[in-house]
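**Q** Whatever this is, show me its structure:
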Amino acid sequence: QVQLVESGGGLVQAGGSLRLSCAASGRTFSRYTMGWFRQAPGKEREFVAAITGSATNTYYADSMKGRFTISRDNPKNTMYLQMNSLKPEDTAVYYCAQEPRRWPPTSDEYNYWGQGTQVTVSS
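**A** Predicted structure coming up:
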């Protein structure tokens, strides 16, 4: 059974940084592309970043390029999202996901999802 557990969210001031983690279990982590998505209140879930199984390729939403960095540690079965220069508009619940059903992996059609972690950026 696949489980994805996010952690690292919290309250931070604008301009600050956070690092989110997504711990995966249930199958061979390195085989699967992983993604980060976020959903703000009253808005649709949106793509943030994705990374292929071997970390050879990464994908970012345009608004996150240069501020967010996705990475993974396959031996630890963990994916990360380093978020710098945070803005109030980055406030959302952040979700990790595994195994996209479409390519490129920028749509929210993934087979497995975590429960989410709240990120709140104060102005």
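**Q** which residue packs closest to Arg38, ignoring adjacent ones?
**A** Spatial nearest neighbour of Arg38, chain neighbours left out: Ala92 (3.9 Å); criterion: C-beta to C-beta, 6 or more residues apart in numbering. Using the backbone N, CA and C atoms, a C-beta is placed for each residue, glycine as well.
**Q** who's in contact with Gln115?
**A** By C-beta atoms under 8 Å, 6 or more residues apart in numbering, Gln115 lies in contact with Leu4, Val5, Glu6, Tyr95.
**Q** Tell me the bridge partners for the residue nearest to Arg38.
**A** Beta-bridge pairing of Ala92 under DSSP bridges involves Val119.
**Q** So which residue is dead centre in this structure?
**A** By C-alpha atoms, centre = their mean, the mean C-alpha position of the chain lies nearest to Trp36, the distance being 2.3 Å.
**Q** what are the phi and psi angles of that one?
**A** Dihedral pair for Trp36: phi -120, psi 140, per degrees, to the nearest 10.
**Q** Just list the residues touching it, thanks.
**A** By C-beta under 8 Å, 6+ apart, the contact list for Trp36 reads Leu20, Cys22, Val48, Ala49, Ala50, Ile70, Met79, Leu81, Tyr94, Tyr95, Cys96, Ala97.
**Q** quick one: which of these sit in strands?
**A** Those of the contacts of Trp36 mapping onto strands are Leu20, Cys22, Val48, Ala49, Ala50, Ile70, Met79, Leu81, Tyr94, Tyr95, Cys96, Ala97, per DSSP state E.
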